[in-house]
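Student: Kindly generate the corresponding structure for this input.
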Amino acid sequence: MFSIDRLRILRELADRGTVAAVAEALSMTPSAVSQQLKVLAREAGVALLEPDGRRVRLTDAGQALVLRADDVLAAMERATAEMAHYRGSPRGQVRVALFPSGAALLLPPVLTALAGSGVEIVAGDEDLPPSEAAKLLADYDIVLTHRDERAPSPAGPRLAARVLMREPIDVVVAPTHPLAGRSSVRPEELAEETWVSVRGGFPVDDVLESIATITGVRPRIAQRLNEFRVIETLVASGYGVALMPRFAVAHPALSVLRLAGVRAARMYDLVTRPQAHRRPAVAAVLDAFEAAAREVSAS
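Tutor: Prediction:
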């Protein structure tokens, strides 16, 4: 019989990558974490870890046991949630990680929808690529991520993902720019522009790469910033042009142009552990996000 606590430590190692990080997260010493993992390996009867430079990594057996640990811990969470259901829930705290522009768009209506329900959302702004979602689930129940619409879903053996909405990506220019006032623009017309963009690995940058492929010209990027309010201000001041998610554009002076001939959009995904939706409180939050996204898309 495996210890639940030791299975939780193993899952934390899979999520966080190092014994030191696990120790910090669980308020344990690294030696105590290592000792518990050794005991778990004895319980399993096989090696769960192997050296990887100065660190350790999971063996194939260790990775297999992590998947089973996910199942066991999810079952425990469901049991707790079911008992809460008999007490009149969904109730409880749900931790949600959101990228900033997604939070600005969806979090207010979600909080309004859940007000007085007994479900408390604890939100954290985490602007990381979808590939980092597994790490975030070490600290959160739900992660709202965004990706280029041509990129694969972040779902996997240890991750469940549901598509929430599609948001087009447009070109924004200053009111004095020669393109200002038009409704659309072709990629070829942007070949000589100076860009204000986001960091690599995010959907907006993926679209910029698509424009480079079409034009055969590498974009001249003057600044890389992940705060859209700063990007808008720079563009409005004439320091370049930018790609912006449509619902994130807030500066009243900007001229917004649709991209012609390019699939340009980002997808919103809600990422959880595979069985997390069976917790009534988590399910209520997921439903609230889906309702909010439908309202935004309809408008």
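Student: Give me the most central residue, this structure.
Tutor: Centroid-nearest residue in the chain, with CA atoms, centre = their mean: residue 145, separated by 2.6 Å.
Student: my read is it is in a strand, agree?
Tutor: Yes. Membership of residue 145 in a strand is supported by DSSP: H, G, I helix; E, B strand; the rest coil.
Student: Just grab the bridge partners of it for me.
Tutor: Per DSSP bridges, the residues bridged to residue 145 are residue 269.
Student: any idea where the helices of the stretch 1-150 of the chain begin and end?
Tutor: Secondary structure of the stretch 1-150 of the chain, counting by DSSP state H, counting those that start in this stretch: helices at 4-16, 19-26, 30-44, 60-86, 100-114, 133-136.
Student: ok, now which ones touch the residue nearest to the centre of the chain?
Tutor: 99, 128-130, 133, 154, 268-269, 271 (CB atoms under 8 Å, 6 or more residues apart in numbering). In this view, the C-beta of every residue, glycine as well, is placed from N, C-alpha and C.
Student: worst average pLDDT in the helices of the stretch 1-150 of the chain?
Tutor: Ranked by mean pLDDT, the helices of the stretch 1-150 of the chain end with helix 60-86 in last place, scoring a mean of 78.
Student: Parallel or antiparallel, list what pairs with the longest strand along the chain.
Tutor: For the chain, the longest strand by residue count, based on DSSP state E, is strand 160-173. In the sheet, strand 160-173 lines up against strand 242-245 (antiparallel), strand 255-259 (antiparallel), strand 265-272 (antiparallel) (DSSP bridges).
Student: now these as a markdown table including mean neighbour count?
Tutor: Written out in a markdown table, the entries for the strands paired with strand 160-173 read as follows (neighbours: other CB atoms under 10 Å):
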| stretch | mean neighbour count |
| --- | --- |
| strand 242-245 | 24 |
| strand 255-259 | 19 |
| strand 265-272 | 23 |
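Student: So which of those is nearest residue 34?
Tutor: strand 265-272 (29.4 Å; CB to CB).
Student: next one: the closest one to chain centre, how far?
Tutor: Taking CA atoms, centre = their mean, to the nearest Å, the mean C-alpha location of strand 265-272 is offset from the chain mean by 7 Å.
Student: orientation of it relative to helix 100-114 in degrees?
Tutor: Here the directions of strand 265-272 and helix 100-114 differ by 50 degrees (axes from the mean of the first three to the mean of the last three CA atoms, to 10 degrees).
Student: following strand 265-272, which helix or strand comes up?
Tutor: helix 280-298 (DSSP states H and E).
Student: circling back: can you tell me how far the residue nearest to the centre of the chain is from residue 289?
Tutor: Using CB to CB, to the nearest Å, we find residue 145 at a distance of 12 Å from residue 289.
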